[in-house]
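S.K.: Sequence isn't available, so here's the structure alone:
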Ligand SMILES: CCCCCCCCCCCCCCCCCCCCC/C=C/C(=O)SCCNC(=O)CCNC(=O)[C@H](O)C(C)(C)COP(=O)(O)OP(=O)(O)OC[C@H]1O[C@@H](n2cnc3c(N)ncnc32)[C@H](O)[C@@H]1OP(=O)(O)O
Ligand SMILES: Cc1cc2nc3c(=O)[nH]c(=O)nc-3n(C[C@H](O)[C@H](O)[C@H](O)COP(=O)(O)OP(=O)(O)OC[C@H]3O[C@@H](n4cnc5c(N)ncnc54)[C@H](O)[C@@H]3O)c2cc1C
């Protein structure tokens, strides 16, 4: 089904006619199943057809108007969810297509998962039903003014008082103020607060506590609690719909049973007891969210690419001979070499996100059975993939803006707001550099265990092939040889392993492991990126092994997979050359093959973005309209700006007229 919201003429029909594959079948490959296509489509249309979910004037609203609009949309969404008895899958998609960050994200995305992951069964029974009915609204209050990345450095205290069987939650310094939690500023009634647990005079480090913040009667802050919003953020609209907040405690008392006690407990007498589970499970909510952020990266990236591809097919510049038509900018090789790798990345992230969801579910099942062996790999994969996909997506959205020329800079292109709302993903849920260093730590540990004969498993299994990978030389001889998945995988594995081993060897020369790690950290980052890129390439190849149905679909995905891999090879040529994985000649052949692949994608480009199945409402871009009728839409959009409400601007009488009528002159004139 086409995703037009109302257009009459299809200006992109010619582009759609050149596609060599079945777009409906590609929609299934993209969404994961026919069922997923159907539900996505239904929820997207439900949102697009509801006037409450309009967002075309969002960037023109004041902060207060925007926040109120968010409250309205969230309440209306919930009403529709209940009225229509939507399933959890449908409700999540409804939230996606409403497309406005708000307190519900933290309530469902972090508060509820934190209680489910770290609360005892009894605690879950008490709190989860209230949260599910929205009798309480919760947020995730971890970060402080002075401490974000370093969770162990948090300062808020929760001191057990055995006399009253309570914890006293306190912010001892300005820097211990909770700072950033979404939904905290104005909406939440409760929070999961991370604080240092102190009992019997001893500090047991960071633990989670459920704390009520606001009255359930009139929403005013409870005694001892100072609350507010931390202020406007980057861009118009965008993340300003979220009430990221500040919170201070002045000796606030909570019952002992509001400490989340699945991982460790404090007894009535104040004795600290730790269960036999790894203490890292305290970070479980972050692992869960990092995994969802990877899936979201493909959404944001595909959205930007959809806008840029459609507009590039409409936009014409130069090339006209004797008054003939100008050239579609999509035909320029430079435009293709900038845009098609991003299109390929969107598909790559979609499939690796799918795989990561599987990995996460698998690890959770193992944890239930008290098998904690895959936890380090789950941490490394979620941290690494979150980092690589969000950084690349943020850069790609900005590149798409440039690919749309001047019009890409207009709010009505949808790209500035998309960038502004997306870019904090590089920071929240773990700064990308900090997370990549966690991956590097995991890699260094794996390399060090190779010597003892321990066989690495999962995504590091390739390291077990160390004898071969450290000395192999690519056999690629022609550009076409780069279409062989084995040839690509081999050089990506060799590059990742050699970079990791080089780092490990250099660290071992340092006075201490810690000093070596710190000194080598820029190289370690690159090593972690190489490992994560290998995972993404491998999972794309594995996807191609699955049963992919529909005329021409597999061929298109093969092209995109090769583009993704060879584009990375070209971009990181220095890594592949300096580690001796390929020769300069082989690098040049990869680039030659890349050019051929771009030519194959060109006639399919518009259809490949149609397969994302986005409505015009979701894209919210005059440049990315399904019907391609860009110019009338751009023209009409300009007149909606509040500045055009009057012909003569406000301020003319006070400031422009006196200036124009002034008698004062520059003395030199
Ligand atoms: C019926 C229902 C209907 C529902 C309808 C509703 C409709 C609406 C639905 C809406 C749903 C929306 C969902 C949206 C999703 C959410 C949106 C997201 C919005 C984002 C908001 C942002 C939130 C935040 O930012 S929260 C704060 C995040 N903070 C961080 O990430 C901090 C980063 N820092 C750290 O994680 C740590 O400090 C770290 C890891 C850097 C260092 O920790 P450390 O303790 O100092 O550890 P270290 O010494 O380095 O390592 C020790 C050891 O531990 C291992 N380790 C570390 N972390 C983990 C981990 N997470 N898991 C496992 N293991 C870990 C580490 O590897 C070391 O191991 P060894 O080397 O073996 O010792
Ligand atoms: C939009 C948004 C929403 C958020 N929502 C929430 C929320 O709901 N709940 C919540 O608790 N928090 C939230 N946060 C906070 C967020 O999790 C933190 O900002 C994030 O974890 C980064 O921490 P930081 O701000 O301390 O950065 P810092 O750690 O201060 O980073 C500053 C710089 O130092 C570098 N750096 C830091 N440590 C190292 C190191 N060890 N080695 C090398 N370089 C390093 C970083 O790479 C970065 O360049 C949110 C943040 C944003 C922007």
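M.R.: In hand now; what should we look at? Bear in mind that the values here come from a model prediction, so they are computed numbers and not experimental data. Numbering: from 1, shown residues only. Ligands and ions are numbered 1, 2, ... in the order given.
S.K.: What lies in contact with stretch 396-410?
M.R.: Residues outside stretch 396-410 that contact it (C-beta atoms under 8 Å, 6 or more residues apart in numbering): 300-301, 304-305, 307-308, 311-312, 315, 329, 335, 338-339, 342, 345, 413, 415-416, 418-419, 422-423, 622-623, 634, 637. From N, CA and C alone the C-beta is placed, and that goes for glycine too.
S.K.: what about residue 103, how many neighbours?
M.R.: Residues lying near residue 103 (other C-beta atoms under 10 Å) number 26.
S.K.: Which residues are in contact with it?
M.R.: Applying C-beta under 8 Å, 6+ apart to residue 103 gives the contacts 70, 74, 137, 139, 182-183, 187-188, 242-243.
S.K.: repeat that for 7 Å
M.R.: Going by C-beta atoms under 7 Å, 6 or more residues apart in numbering, residue 103 touches 74, 137, 139, 182-183, 187-188, 243.
S.K.: between those, which is closest to ligand 1?
M.R.: The closest of those to ligand 1 turns out to be residue 182 (C-beta to the nearest ligand atom; 5.2 Å).
S.K.: which SS class is the closest one?
M.R.: Here residue 182 is recorded as coil under DSSP: H, G, I helix; E, B strand; the rest coil.
S.K.: and it, what does it touch?
M.R.: Counted by C-beta under 7 Å, 6+ apart, residue 182 has contacts 103, 105-106, 139, 242, 244.
S.K.: quick one on the thing from earlier: need the contacts of residue 103 in a markdown table with pLDDT and distance to residue 532, can you?
M.R.: Below are the contacts of residue 103 laid out as a markdown table (pLDDT from 0 to 100; distance: C-beta to C-beta, whole Å):
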| residue | pLDDT | distance to residue 532 |
| --- | --- | --- |
| 74 | 98 | 34 |
| 137 | 98 | 35 |
| 139 | 98 | 30 |
| 182 | 98 | 26 |
| 183 | 98 | 30 |
| 187 | 98 | 35 |
| 188 | 98 | 34 |
| 243 | 98 | 33 |
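S.K.: in stretch 75-89, what counts as buried?
M.R.: 77, 80-81, 86 (16 or more other C-beta atoms under 10 Å).
S.K.: what's the burial count for whichever residue of the stretch 251-400 of the chain sits closest to ligand 2?
M.R.: Nearest to ligand 2 in the stretch 251-400 of the chain, going by C-beta to the nearest ligand atom, is residue 286, at a distance of 8.6 Å. Residues lying near residue 286 (other C-beta under 10 Å) number 23.
S.K.: Once you drop chain neighbours, what's closest to it?
M.R.: Nearest residue to residue 286, sequence neighbours excluded (C-beta to C-beta, 6 or more residues apart in numbering): residue 429, at 5.9 Å.
S.K.: The one you found contacts residue 293, doesn't it?
M.R.: Yes - if you go by C-beta atoms under 7 Å, residue 429 and residue 293 touch, sitting 5.9 Å apart.
S.K.: Could you name every residue contacting both of the two?
M.R.: Contacts common to residue 429 and residue 293, judged by C-beta under 7 Å, 6+ apart, are residue 386.
S.K.: This structure: strands as residue ranges?
M.R.: Under the criterion DSSP state E, strands of the chain are mapped to 138-141, 157-161, 166-170, 178-179, 190-199, 202-212, 225-229, 245-249, 252-255, 264-266, 272-274, 316-317, 327-328.
S.K.: What is the distance between the last one and the centre of its chain?
M.R.: Taking the mean of its C-alpha atoms, strand 327-328 sits 33 Å from the chain's own mean (C-alpha atoms, centre = their mean, to the nearest Å).
S.K.: Where does the prediction get shaky in this structure?
M.R.: Filtered on pLDDT under 70, the chain yields the residue ranges 1-8, 663-669.
S.K.: of all the contacts of residue 182, which two lie farthest apart?
M.R.: By the measure C-beta to C-beta, 105 and 244 form the most distant pair in these, at 11.4 Å.
S.K.: higher neighbour count, these two?
M.R.: The neighbour count for residue 105 versus residue 244, taken as other C-beta under 10 Å, is higher for residue 244 (24 against 19).
S.K.: Within range of ligand 1, give me the residues from the protein.
M.R.: Residues of the chain that fall close to ligand 1, judged by C-beta under 6 Å from any ligand atom: 81, 88, 91-92, 95, 104-105, 108-109, 140, 142-143, 149-152, 182, 280, 283, 286-287, 289, 292, 375-376, 379, 428-430, 434, 438, 441, 445.
S.K.: can you rerun that using 5 Å?
M.R.: 88, 91, 95, 104-105, 108-109, 142, 151-152, 280, 283, 286-287, 292, 379, 428-430 (C-beta under 5 Å from any ligand atom).
S.K.: Quick check: helices, which of these are part of them?
M.R.: Judged by DSSP state H, helices contain the following of those: 88, 91, 95, 104-105, 286-287, 292, 379.
S.K.: List just the nearest of those residues to residue 168.
M.R.: Looking across these and measuring by C-beta to C-beta, the closest to residue 168 is residue 286, at 26.4 Å.
S.K.: What sits closest to residue 81 if chain neighbours are left out?
M.R.: residue 91 (4.8 Å).
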